[in-house]
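Chemist: Would you be able to build a 3D model of this:
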Amino acid sequence: QVQVVESGGGLVQAGGSLRLTCAAAGDFFSSNVMGWFRQAPGMEREFVAAISRGGGVTEYADSVKGRFTISRDNAKNTVHLQMSSLKPEDTAVYYCNGDLGSTAQTLREKVFRSWGQGTQVTVSS
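Modeler: I've put the predicted structure just below:
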């Protein structure tokens with residue numbers, strides 16, 4: 001079972017903003033590149049953003065580049081996703097996860113065995 005808890009989702013109008021938080025167990029968080037993924041109804045889960053262990057390198061899906069910002073607080077074992085200019089197509093359950101062997105650039109290719117419960121983001125038009 002992955003040791004993360006996602007929060008911060010909700011219902012927002014198009015053009016609005018939300019900030020998601022992922023709280024992770026210390027051992028899991030400190031060793032891993034962390035990232036956000038999302039799954040819309042009837043769709044496969046997809047990569048959204050990733051951040052290196054030190055926070056200096058970030059990577060984004062083209063669909064969110066310029067609108068979303070990923071950050072991490074290593075003192076608090078948390079990773080955040082600041083989402084702005086939200087669109088109805090951003091509606092999905094958002095999940096975080098991490099991996100020891102990946103980089104921020106390669107996390108999108110990782111096949112994970114387990115996930116947290118996620119947090120629902122709904123953007124109305």
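Chemist: which stretches of the protein aren't confidently modelled?
Modeler: Where the chain drops to pLDDT under 70, the residues are 1.
Chemist: what ranges do the helices span in this structure?
Modeler: 26-31 (DSSP state H).
Chemist: which residues does the residue positioned nearest the centre of the chain bridge with?
Modeler: Central residue of the chain (Cα atoms, centre = their mean): Trp36, 1.9 Å from the mean position. Beta-bridge partners recorded for Trp36 (DSSP bridges): Ala49, Cys96.
Chemist: Isn't it up against Gly9?
Modeler: No: under the criterion of Cβ atoms under 8 Å, Trp36 makes no contact with Gly9, lying 11.6 Å away. Where C-beta positions appear, they are placed from N, C-alpha and C, glycine not excepted.
Chemist: Common neighbours of these two, please.
Modeler: Residues touching both Trp36 and Gly9 (Cβ atoms under 8 Å, 6 or more residues apart in numbering): Leu20, Tyr94.
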